[in-house]
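Undergrad: heads up, no residue letters with this:
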């Protein structure tokens, strides 16, 4: 088996079904399997998935183990040499997994490959990122980056300062679409993806762990995926999600800065984020 596609379902039967259907339609030229982990959903009987898609592997968890735990559970049942973590609220636009798989095979120093993410209305999402260092935060607060040449600014900042139309060697990418060789997991301390976070910021940590092993994280714009991305969340839920994300990112940065520098980062980061929340804005 070349590729195992891991999808976590949590009360998203319709979205997950569309995601699986798009894989069957778009993913060609690869021997693959779909491992669907139902994370203690209450929406419907998860066996409805196997009635609709009899070829998938359905793993039913009696408890909600979060995004990290759910993916690790799926990986335990995966037979592929490569693993694709794929969000349930996505649909393939083209043969993105094959494009990323070919790239990983041709570039052995690459640990993770991802694709261009697009909202249903065609707007591009900013999933190609740099770690939020002290210098990065200061550059964003004080718009000194505007003095930099466009190419230098994009390479240094990425995020919304990068048009996401070209290849990029980045620090981290969203866990929405994350393809990597399964063998790398055996090099991690616990032989699996870290589960420090139940949800949000786990993708930052995973990329950091892969980069500590010496692997690169690559963004490939020619591979394309439609991603709804919290499209059904109301304002109050989005605020709650943002608060969890801010908290988790601060915890992650303690790993990135295991000395006095974390206090400098925390002062800048938390002041910026909570001020934005009070003003009704979001730094994403």
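TA: Happy to help now that I have it. This is a predicted model, so every value here is computed, not measured.
Undergrad: what sits opposite residue 216 in the beta ladder?
TA: Using DSSP bridges, the bridge partners assigned to residue 216 are residue 110.
Undergrad: Next, find the distance separating it from residue 243.
TA: From residue 216 across to residue 243, the span is 32 Å (Cβ to Cβ, to the nearest Å). Glycine gets a C-beta too; all of them are placed from N, C-alpha and C.
Undergrad: before we move on, what about residue 56?
TA: 35 Å.
Undergrad: Same question for residue 55.
TA: Taking Cβ to Cβ, one finds residue 55 at 40 Å from residue 243.
Undergrad: So between those two, which is more surrounded?
TA: Using other Cβ atoms under 10 Å as the criterion, residue 55 and residue 243 rank with residue 243 on top: 14 against 9.
Undergrad: residue contacts, that one?
TA: Residue 243 makes contacts with residue 277, as judged by Cβ atoms under 8 Å, 6 or more residues apart in numbering.
Undergrad: that's a helix at it, yeah?
TA: Yes: the assignment for residue 243 by DSSP: H, G, I helix; E, B strand; the rest coil puts it in a helix.
Undergrad: Per-residue pLDDT of it, please?
TA: At residue 243, the predicted lDDT confidence score is 88.
Undergrad: now do the one 10 residues further on
TA: At residue 253, the pLDDT value in this model is 93.
Undergrad: Same question for residue 234.
TA: Here, the pLDDT recorded for residue 234 equals 55.
Undergrad: shaky segments in this protein?
TA: For the chain, applying pLDDT under 70 flags the ranges 230-235, 280-284.
Undergrad: ok, the residue nearest the centre of the chain to residue 148 distance?
TA: In the chain, the residue lying closest to the centroid (Cα atoms, centre = their mean) is residue 175, at 1.3 Å. According to Cβ to Cβ, residue 175 stands 30 Å off from residue 148.
Undergrad: circling back to that earlier point, can you tell me the element the residue nearest to the residue nearest to the centre of the chain when sequence neighbours are not counted falls in?
TA: Leaving aside its chain neighbours, residue 175 sits nearest to residue 203 (3.5 Å; criterion: Cβ to Cβ, 6 or more residues apart in numbering). Using DSSP states H and E, residue 203 sits in helix 202-212.
Undergrad: Now do the contacts for the residue nearest to residue 148 when sequence neighbours are not counted.
TA: In space, and not counting its chain neighbours, residue 148 is closest to residue 156: 6.8 Å by Cβ to Cβ, 6+ apart. Residue 156 sits next to 130, 139, 145, 148 when contact means Cβ under 8 Å, 6+ apart.
Undergrad: which phi and psi does the closest residue to residue 12 other than its chain neighbours have?
TA: Among residues not flanking residue 12 along the chain, residue 88 sits closest, at 4.8 Å (Cβ to Cβ, 6+ apart). Phi and psi for residue 88, reported as degrees, to the nearest 10, are phi -70, psi -20.
Undergrad: Thanks a lot, see you next time.
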